[in-house]
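> any chance you could fold what I've pasted below:
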Amino acid sequence: MRTSKITRYGLLFVFVASMALARDSDDKIMIRTLKVSDHPGLEAHGIYVAGQVVTALRFEKEVDPAKTKLLAWEGRFEPPLVGGRKVVLEPIRDLDGDEAVPLLVTLVDGTEFAFLVKRPSREDWGWIDHQVNVFKDPDSYNAVLSSLYDSLKRERELSKENERFKKEENSIDHAYATLLANGQVKKTPFRRKRYWRSKNEDMDMKVELFEGPGKAAVVIHLKNTYYGEPWKFDGAYLTRDFTSYTARPFALRMDRPEIISGQSGKIAVVVDKSAFQTDGGQLADLALQIFRGDGLLQVAVTMDHTLIRQ
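As a prediction, the model looks like this:
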């Protein structure tokens, strides 16, 4: 794992990822349907879990507790619960990226299922399984009904996502973020207030904080100096206390989602005054977190509420 360097100056601080500081585990919790082939033993299906989050596997028939085993679970999981048609798993901690714990489930009729329990993949944002409905017969009533519920849920989520994208494309904050990401600061109402540079063996970073009338902005310049796989953007969060409970809205634009070795890229974020306001109407500081492709924290920047220019 690459090493980290922490630099702090005033209210601005920059982190280079070296610890498993992943996003909050409840961000992508989901219920899904898993249909297996007529020969389920030929393939081990992935089950995606997170530390201290319960994951339940639900089957069409009752499970045989004596023939259902989670291998090498000690020290990684609470004792698995097996009963009725369910198997319940609860990891004690987040699994490492290379950990895959085999789970063998046998139903009372002798049907066997093989799974690999692991942490979520960050390549496509990943997910955490809250409940997995497992079906061997894809044409059974329950399997079809479960798939229908999945499809309706995905349709609702896509509809909401499309609506959000439409609003973003027309918002002034996203227009400002696009200009900042393209280096056209003079076309925006922002003035640079603070500047900081950080460098280590795999990433050169420059952070610019901007003040504006009723808004604040930050531009993060990244240069990949690591002679290995490309740097990939995984996600961004703006919160008051580094948890999802205080997440605030913002506009983000970047000139490229992937930065190969020797290449540079920019991430621009614009935050409206309303995001800094507490329930009591006061202004509070915010923390912007940028995550890289493997789910680790790449950059964290404190956005001081004094950047809001009246």
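> when you work out contacts or count neighbours from here on, use the C-alpha atoms and nothing else.
OK.
> domains in the chain, by residue range?
For the chain, the structural domains run 6-23+172-309, 36-167, going by automatic domain parsing.
> single out the most deeply packed of those domains.
Most buried of the domains of the chain, by mean neighbour count (mean count of other Cα atoms under 10 Å): domain 6-23+172-309, with a mean of 18.
> so what's the gap between that domain and the chain middle?
16 Å (Cα atoms, centre = their mean, to the nearest Å).
> which regions of the stretch 201-310 of the chain sit below the pLDDT cut-off?
310 (pLDDT under 70).
> quick one: the strands in it?
Taking DSSP state E, counting those that start in this stretch, the strands of the stretch 201-310 of the chain run over residues 203-213, 215-224, 231-239, 251-254, 258-259, 264-272, 286-292, 297-303, 308-309.
> hey, what's residue 258 bridged with?
residue 232 (DSSP bridges).
> quick one: contacts for residue 105?
63-64, 67-69, 112-114 (Cα atoms under 8 Å, 6 or more residues apart in numbering).
> quick one: which of those residues is nearest residue 85?
residue 63 (5.4 Å; Cα to Cα).
> in contact with the nearest residue to the closest one once chain neighbours are set aside, which residues?
Leaving aside its sequence neighbours, residue 63 sits nearest to residue 107 (Cα to Cα, 6 or more residues apart in numbering; 4.2 Å). Shown in contact with residue 107 (Cα under 8 Å, 6+ apart): 61-64.
> now residue 107: how far from residue 67?
8 Å (Cα to Cα, to the nearest Å).
> residue 280 too?
Counting by Cα to Cα, the gap from residue 280 to residue 67 is 57 Å.
> likewise for residue 108?
From residue 108 to residue 67 the distance is 9 Å (Cα to Cα).
> residue 56 pairs with what?
For residue 56, the beta-bridge partners are residue 88, residue 131 (DSSP bridges).
> over to residue 253?
Under the criterion used (DSSP bridges), residue 253 bridges to residue 268.
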